[in-house]
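Enquirer: Can you look at this prediction? I've put the sequence above it.
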Amino acid sequence: MSVRRTAGLSVVLMVTVVLPLRAAQDFDFDFDLRAVHSNATQSRLTGGLGTTRYSAADNGVQLGEIGLGIRRDLAETVQLIAAAVSFGDRGQPGLGVTEAYVKWRPLPNHGWRSQLKLGAFYPGISLENRMSGWRSPYSLTPSAINTWVGEELRTIGAEYALDWLGQKTGHAFDVGVSAAVFGWNDPAGTLIATRGWGLQDQQSTLFGTFGRRDQQPLPERTLFYDDLDKRAGYHVSANLKFRGVLQLTAIHYDNRANPAIYSATLDDTAWKTQFNSAGLRFAPNDQLTLIWQRLYGRTYAGSGPEPNCFAFGSYFTLLSWQQGAARYSVRYDEFTMNQPVSTYGLYDHEQGHAWMESYSRQWRAHWSVSAELLQVDSRMRSRSWVNLPVAARERQLQLALRYSR
């Protein structure tokens, strides 16, 4: 998509959607334009095995995203939350819904607070993507873990959470637990098995394709959210917050998919995906934030006594410092994917790490500027299957101008 066409799309969206709702206090709108320089190979978003969002073919001015969001009170304790996004530079000029759900949160009772979500929403994994539209305040590009969450995971169902608000009653900490039951996430695990880990900020949408249709060495995933075996999955989590300084989280996820179920629409089987994740966020003052997170699990596809199996894991450490309107952030990621069992006799393996450095500055009330440098070093055996070097060092520099309200 040309810059002229994406700019035209921005104008149309602003006139037809944003201006009529400009006075609404529960309406969010953001867009960003980016100057990009990358030496990476074809992106995983277009069927390649590059780890970054942009490849060398994308150098120049790009539309980062156009995002729309709404948070509307339906009753005193009931809220509707929805978000849609467009990544025009990936051949998908239309808006796609990323989440839409209703949240019921009654008033606390004797230090206890309940919450019920119904709809489609992100599982409570990330301590990094904390802004509206599931964006990160620390960088343009999220960690490998949260890249994958944005690409393949949604809870489409119901989640109940119960919190004990100890800090409201004179104690030093709050404690919470949650449980969710969901469907329509049977293909989760496809990307990480076939294309490995990535570091990019494009999210999949609930009803659209992921990536653009063009010539590519690997097949395109056309649907992410489908219920192939009619069997519900679940995730359970726990969290602890200490004096507003430290937050600890843990989650277990299991989509309970039957890997023997085949879908002609997807031309693939369901993927049985299980993982555990744990993280901490330490913010001793208004300036310093430290985040650490680890995720590890397995995904299976195919029938037989030994279906294809892929073990995967990643962790990252992020350090961020905010001084007035400026924020400086640095992050280190490590990630691995290994195929210990293969039905077809081809065994894949990936090992890599990444450094991210970011600077952002708020400019006036709604504008901000950001600069980010990302370097990813990785080795992936399947690159040799499509005549690419196994080892790659990919660098990506982005300069972004963002409007957000």
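Expert: Received it, and whenever you're ready, just let me know what you need.
Enquirer: only C-alpha atoms for contact and neighbour calcs from this point on.
Expert: Fine.
Enquirer: burial of the residue nearest to T169 when sequence neighbours are not counted, as a residue count?
Expert: For T169, ignoring the flanking residues on the chain, the nearest one in space by Cα to Cα, 6 or more residues apart in numbering is G111 at 6.9 Å. Using other Cα atoms under 10 Å, G111 has 14 neighbouring residues.
Enquirer: Would you list the phi and psi of G111?
Expert: phi 90, psi 0 (degrees, to the nearest 10).
Enquirer: which ones are touching it?
Expert: W164, L165, G166, K168, T169 (Cα atoms under 8 Å, 6 or more residues apart in numbering).
Enquirer: L397 now?
Expert: With Cα under 8 Å, 6+ apart as the criterion, the residues that contact L397 are V36, H37, S38, A371, E372, L373, L374.
Enquirer: go with 10 Å
Expert: By Cα atoms under 10 Å, 6 or more residues apart in numbering, the contact set of L397 is 34-39, 54, 59, 356-358, 371-375.
Enquirer: what's the closest of those residues to N185?
Expert: Nearest to N185 among these, counting by Cα to Cα, is Y54 at 26.7 Å.
Enquirer: Surely that closest one and R44 touch.
Expert: Yes: using Cα atoms under 10 Å, Y54 is in contact with R44, at 9.3 Å.
Enquirer: Find residues that contact each of the two.
Expert: Looking at what touches both Y54 and R44 (by Cα under 10 Å, 6+ apart), the common residues are Q200.
Enquirer: before we move on, back to that, if you rank the contacts of L397 by neighbours, which is first?
Expert: Counting by other Cα under 10 Å, top hit in the contacts of L397: Y54 with 28 neighbours.
Enquirer: residues touching that one, list them.
Expert: 36-46, 62, 89-90, 200, 395-398.
Enquirer: And F335, by the same measure?
Expert: By Cα under 10 Å, 6+ apart, the contact set of F335 is 144-145, 196-198, 294-296, 312-316, 350-354, 378.
Enquirer: got it, and V85?
Expert: With Cα under 10 Å, 6+ apart, V85 has these contacts: 29-31, 65-69, 93-99, 133, 202-205.
Enquirer: What's the ChimeraX line that selects buried ones from these?
Expert: Filtering the contacts of V85 down to the buried ones (16 or more other Cα atoms under 10 Å) takes a single ChimeraX command:
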select :29,30,31,65,66,67,68,69,93,95,96,97,98,99,133,202,203,204,205
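Enquirer: What about the contacts of L397, which are in strands?
Expert: 34-38, 356-358, 371-375 (DSSP state E).
Enquirer: May I see these arranged in TSV, with pLDDT and distance to Y122 as well?
Expert: Shown next, in TSV, are the ones in strands among the contacts of L397 (pLDDT from 0 to 100; distance: Cα to Cα, whole Å):
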residue	pLDDT	distance to Y122
R34	96	26
A35	97	29
V36	97	28
H37	97	30
S38	97	29
M356	98	24
E357	98	26
S358	98	25
A371	98	27
E372	98	25
L373	98	27
L374	98	25
Q375	98	27
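Enquirer: Please pull out the lowest mean pLDDT helix or strand from the chain.
Expert: helix 3-13 (a mean of 38; mean pLDDT, DSSP states H and E).
Enquirer: What's opposite D174 in the beta bridge?
Expert: Residues in a beta bridge with D174, per DSSP bridges, are K241.
Enquirer: centroid residue for the chain?
Expert: The centre of the chain sits closest to G150, judged by Cα atoms, centre = their mean, with a distance of 2.2 Å.
Enquirer: Is that one part of a helix or strand, or is it coil?
Expert: Under DSSP: H, G, I helix; E, B strand; the rest coil, G150 falls in the helix class.
Enquirer: Tell me the confidence at it?
Expert: You'll see G150 listed with a pLDDT of 94.
Enquirer: doesn't E128 make contact with it?
Expert: No: the criterion here is Cα under 10 Å, and G150 misses it with E128 at 11.9 Å.
Enquirer: mind listing what's buried in stretch 297-307?
Expert: G297, R298, T299, Y300, A301, G302, P307.
Enquirer: repeat for stretch 288-299
Expert: L288, T289, L290, I291, W292, Q293, R294, L295, Y296, G297, R298, T299.
Enquirer: same deal with stretch 109-117?
Expert: Of the residues in stretch 109-117, those buried (16+ other Cα under 10 Å) are W112, R113, S114, Q115, L116, K117.
Enquirer: And the helix or strand where A100 lies, how far out from the chain middle?
Expert: Element membership for A100 (DSSP states H and E) is strand 92-104. Relative to its parent chain, strand 92-104 has a centroid offset of 14 Å by Cα atoms, centre = their mean, to the nearest Å.
Enquirer: any idea which helix or strand comes after it?
Expert: Following strand 92-104 in sequence order, the next helix or strand is strand 112-121 (DSSP H and E).
Enquirer: hey, where'd the helices end up in the stretch 51-200 of the chain?
Expert: Using DSSP state H, counting those that start in this stretch, the helices found in the stretch 51-200 of the chain span residues 144-152, 190-194.
Enquirer: which of those helices sits most buried?
Expert: Most buried of those by mean neighbour count (mean count of other Cα atoms under 10 Å) is helix 144-152; its value is a mean of 23.
Enquirer: That helix versus strand 92-104: what angle between them?
Expert: 100 degrees (axes from the mean of the first three to the mean of the last three Cα atoms, to 10 degrees).
Enquirer: and helix 144-152, what does it pack onto?
Expert: Helix 144-152 is packed against helix 190-194, strand 288-301, strand 308-323, strand 326-341, with contacts defined by 3 or more Cα pairs under 10 Å, 6 or more residues apart in numbering; DSSP states H and E.
Enquirer: dump the residue contacts of V97.
Expert: Counting by Cα under 10 Å, 6+ apart, V97 has contacts 67-69, 82-86, 120, 203-208.
Enquirer: Bridge partners for it, pull those for me.
Expert: Residues in beta-bridge contact with V97 (DSSP bridges): A84.
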